[in-house]
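Visitor: Whatever this is, show me its structure:
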Amino acid sequence: MGAHGALLLALLLARAGLGKPEMYGPGGGKYFTTTEDYDHEITGLRVSVGLLLVKSVQVKLGDTWDVKQGASGGNTQEVTLQPGEYITKVFVAFQTFLRGMVLYTSKDRTFYFGKLDGQIFSVYPSQEGQVLVGIYGQYGLLGIKSIGFEWNYPLEEPTTEPPVTVT
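Guide: Presented below is the predicted three-dimensional model:
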């Protein structure tokens, strides 16, 4: 692992608040992480699937698509979340690579990517009310080899009501 990889690994460890970030899958390959953004929620997700495995993921933060993370190629499926909708739980399926993913949202919508076969993990936040705010993991030439999810509380909505003044 080069200096860049070691730096990214240190960032992932610090970001997850753990000695070792929780990742699902066999691992190996290059590390990736979505951009940390304290001003925008995840508003969409693109997942590319090909050769029976998940090749890449890309999150939309506010109105802007983040960098695509993972291998190139595959057919891309895009999901747009509704205002106030959040990803609250994820199922992932692995063999040697990530084979499939299912996303569950706060508005009872479900999105399927790839196939749910192999070893299946159910991933959800440790605290009630937390939502998906980031994705990290490792990928190889063919696709994603491990994946982890960062959870946090949604951003507070700005109030539109004027402050109450006491006279």
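Visitor: where exactly do the strands run in the protein?
Guide: Using DSSP state E, the strands of the chain run over 30-33, 42-50, 53-61, 64-65, 69-70, 75-80, 87-94, 98-105, 110-114, 119-123, 131-139, 144-152.
Visitor: how about these, which one is nearest Val166?
Guide: strand 144-152 (34.7 Å; C-beta to C-beta). (Each C-beta comes from the backbone N, C-alpha and C, glycine too.)
Visitor: and the angle from the closest one to strand 42-50?
Guide: 170 degrees (axes from the mean of the first three to the mean of the last three C-alpha atoms, to 10 degrees).
Visitor: wait, isn't Asp63 in contact with Thr43?
Guide: Yes: at 7.5 Å, Asp63 counts as touching Thr43 under the criterion of C-beta atoms under 8 Å.
Visitor: Which one's more surrounded, these two?
Guide: Thr43 (19 against 8; other C-beta atoms under 10 Å).
Visitor: Now do the same contact list for the closest residue to Val47 other than its chain neighbours.
Guide: Nearest non-adjacent residue to Val47, counting by C-beta to C-beta, 6 or more residues apart in numbering: Phe113, 4.1 Å away. Residues counted as contacts of Phe113 (C-beta atoms under 8 Å, 6 or more residues apart in numbering) are 47, 49, 54, 77, 100-103.
Visitor: ok, 6 Å please
Guide: Shown in contact with Phe113 (C-beta atoms under 6 Å, 6 or more residues apart in numbering): 47, 49, 77, 101.
Visitor: and the residues you listed, which two are the farthest apart?
Guide: Gln77 and Met101 (10.2 Å).
Visitor: Looking at those two, which one has more neighbours?
Guide: Between Gln77 and Met101, counting by other C-beta under 10 Å, Met101 is the more crowded of the two (23 against 14).
Visitor: didn't that one look like it was pressed against Val92?
Guide: Yes: the pair Met101 / Val92 is scored as a contact, 5.3 Å apart, by C-beta atoms under 6 Å.
Visitor: Show the pLDDT at the closest residue to Gln69 other than its chain neighbours.
Guide: Take Gln69 and drop its neighbours on the chain: the residue closest to it by C-beta to C-beta, 6+ apart is Phe32, 4.0 Å away. Model confidence at Phe32, given as pLDDT, is 96.
Visitor: Same question for the one 10 residues further on.
Guide: Model confidence at Ile42, given as pLDDT, is 96.
Visitor: Check the one 10 residues further on too.
Guide: If you check Leu52, the pLDDT there is 90.
Visitor: what's near enough to touch it?
Guide: By C-beta under 6 Å, 6+ apart, Leu52 lies in contact with nothing.
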